[in-house]
Each structure stands twice: as structure tokens, then as C-alpha cells.
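Asker: need a structure here:
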Amino acid sequence: QVQLVESGGGLEQAGGSLILSCAASGGAFSRYTMAWFRQAPGKEREFVASFGRTAFLMYADSVKGRFTISRDNAKNTLYLQMNSLKPEDTAVYYCAGDIHGIGGMKLTAYEYWGQGTQVTVSS
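Answerer: Below is the predicted model of the structure:
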């Protein structure tokens, strides 16, 4: 069973950049499909990006060309580089892991979740 801890959130101006990290422990990190989701106030949690164990990448249309997901299996860490931030990117960002490799955009495919990190983008 893997434990996930996000960090790197904060307050940033529109057009700025942030990088989120997700440190994993307690499991074989390289075997997991990993993803980032986010949840804005009053909205459902939504898919942002995923990194499959075969290095297959997926992005939500709303972040394509601005966000980049990456992972370092040697460090058991998942990253999300966020550039050209917009106020609508404001949300709590969650790291998620799927041992079965189904992953993708489906929230319910992920068994393990971090506690989230707040990202606030001011206009």
C-alpha cells in the first residue's frame, strides 16, 4: 500500500508557474499509474494529467500545452509543472495512484490518494 504526500502549492499570479510534487512511500512506485486531479470549491474533482507505468501520458484539454506531468521512479516522486497559470486553475490538487494500471481519466480507478495541496491563482 502506497502513501502519497503532495507539496508545492501556494499563491501565484496569473501567468506564473508552480511545480507540485507528490512523494510516495510504502509501495512499488514504479508499478503504479500516477495522476493528478483537482477540485475547485463547489465543483467535482476532475482529472488533470496521468503518467502510466509504460510512460503513456494523458492530459485534460484545459491544461494541455501548459502543464507537464513527470515522475522520477528512483526518487518515488511524481511532479506537475504548471505554467501560464490561470485563475480557473485555482483548486486543491490531489495526487493519486493506481496499482492495476487502469488509471487514465477515471477517478474511481485510483485506489490511493494524497491529502491535497492548495493552488490559488490571482488575476
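Asker: contacting residues for the closest residue to Ser25 other than its chain neighbours?
Answerer: In this structure, Ser25 finds its nearest non-sequential neighbour in Gln3, 5.1 Å apart by Cβ to Cβ, 6 or more residues apart in numbering. To be clear about C-beta, it is placed using only N, CA and C from the backbone, and glycine gets the same treatment. The contact partners of Gln3, taken as Cβ atoms under 8 Å, 6 or more residues apart in numbering, are Ala24, Ser25, Gly26, Gly27, Tyr112.
Asker: isn't the last one up against Cys22?
Answerer: No: Tyr112 sits out of contact with Cys22 when judged by Cβ atoms under 8 Å, with a separation of 10.5 Å.
Asker: quick one: the strands in the chain?
Answerer: 3-7, 10-13, 18-25, 33-39, 46-51, 57-59, 67-72, 77-82, 91-98, 112-113, 117-122 (DSSP state E).
Asker: check which residues of the first one are buried.
Answerer: The neighbour-count criterion (16 or more other Cβ atoms under 10 Å) identifies Leu4, Glu6 as the buried residues of strand 3-7.
Asker: compute the inter-axis angle for it and strand 117-122.
Answerer: Counting by axes from the mean of the first three to the mean of the last three Cα atoms, to 10 degrees, strand 3-7 points 20 degrees away from the direction of strand 117-122.
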